[in-house]
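*Asks:* Could you look at this predicted model? Sequence included:
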Amino acid sequence: AGVFAAKNAGHEHLVVTIHDPEDAKRVREHDPDAIIIAVHTTGYSAGDAEMVRQYTDIVTACASSVVREICGPYAVLQAGSSVPVYALTPAGKHLILLRMAAIDYPLFTTHADLPVSGERCPKPLV
């Protein structure tokens with residue numbers, strides 16, 4: 001409902017967080033240019049992860065094994081490794097890079113085949 005109200009109020013550039021993958025689909029159908037971020041993904045089914053892969057720009061892996069397995073290989077950028085955040089689109093990548101640019105402390109980046117798993121992942125992954 002908030003997305004529809006924001007668009008009707010004249011807001012052109014929306015960034016939306018969702019938990020329910022069906023919400024991602026609805027937002028994308030209503031506003032193809034919205035940046036959609038999936039959060040709190042622990043407990044997602046494979047179908048949920050696939051829908052998030054199709055309709056979101058960024059997804060947090062949380063303690064979800066299926067998000068790591070299904071979305072990770074499609075990432076164009078990964079922030080973090082213990083609890084990875086995957087950018088799945090160029091718009092998602094751009095948003096994460098903008099956030100990184102605003103951080104005042106040193107950052108380490110590298111090039112790698114994605115996804116990269118951290119040594120201190122949540123246990124158990126579900």
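*Replies:* Sure, I can see it. If you're wondering where the values come from, they're calculated on a predicted model, not measured in any experiment. Numbering: from 1, shown residues only.
*Asks:* now the strands: where do they sit in the protein?
*Replies:* For the chain, the strands identified by DSSP state E occupy 15-18, 35-38, 58-60, 77-79, 85-87, in order along the chain.
*Asks:* Can you convert these into TSV and add a column each for distance to Asn8 and mean neighbour count?
*Replies:* For every residue, glycine as well, the C-beta is placed using N, CA and C. As requested, these are arranged in TSV below (distance: least, C-beta to C-beta, whole Å; neighbours: other C-beta atoms under 10 Å):
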stretch	distance to Asn8	mean neighbour count
strand 15-18	15	17
strand 35-38	18	24
strand 58-60	25	26
strand 77-79	32	19
strand 85-87	29	24
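*Asks:* can you tell which of those strands is closest to Asp104?
*Replies:* Nearest to Asp104 among the strands of the chain is strand 77-79; the distance by C-beta to C-beta comes to 16.5 Å.
*Asks:* Can you say which of the strands of the chain is nearest to Ser45?
*Replies:* Judging the strands of the chain by C-beta to C-beta, what sits closest to Ser45 is strand 35-38, at 13.3 Å.
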